[in-house]
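>>> Predicted structure and sequence below. I'll ask about it afterward.
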Amino acid sequence: MDYELTRIEFTGNRQHLLHLDRSSGSSSWARSSQRALRALQSYADAKVTKDFAGNFKMWCETPPPGAYAIPAGKVARDESESVRNNARRSRERKFAVPLELSQSGYVFMGAHIRIGTSGKISPRLYFHDATARTSKIFIGYIGPHLITRR
């Protein structure tokens, strides 16, 4: 690894990662996760230095020259209305963040990256972009696909 994840902080439950590790697609998902984290780091660096003003999806759609990005089709800026408006589904997407970001210590993370597609597992990485406040992106979850309407 020729880069450091200085602007990425994992606040999630590591047990979800271990669950993925027991699946046959784990090596592919690990590579995909590593690329996603590298792209988030590149994006966060540009946000903090004010070299980029958009969101992560926009970054991936048209990355600056020399920047690291992933295919924009893997990035979802937010969850669907059916997820956001359903108490159970919405609650499932509240992940830990530092108290300086939320008095409860949790925020809804709708932004996510599709790490892989594999039946019911289809791993996802959920994140909260707090670069404007803390210069960091918080990863609240990396694990199997969460419950949706389908």
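Good, I have the coordinates.

>>> so Glu9 sits right up against Phe138, yeah?
Yes: using C-beta atoms under 8 Å, Glu9 is in contact with Phe138, at 5.3 Å. (C-beta placed from N, C-alpha, C; glycine too.)

>>> In contact with the spatially closest residue to Ser135 that is not a sequence neighbour, which residues?
Spatial nearest neighbour of Ser135, excluding adjacent residues (C-beta to C-beta, 6 or more residues apart in numbering): Val48 at 4.8 Å. For Val48, the contact set (C-beta atoms under 8 Å, 6 or more residues apart in numbering) comprises 7, 131, 135.

>>> Then Thr134?
So Thr134 contacts 98, 100-101 (C-beta under 8 Å, 6+ apart).

>>> do that again at 10 Å, thanks
7, 9, 48, 97-98, 100-101, 128 (C-beta atoms under 10 Å, 6 or more residues apart in numbering).

>>> What residues of the top helix by length along the chain count as buried?
Longest helix in the chain by number of residues, with DSSP state H as the criterion: helix 26-48. Buried residues in helix 26-48, counting neighbours by 16 or more other C-beta atoms under 10 Å, are found at 26, 29-30, 32-33, 35-47.
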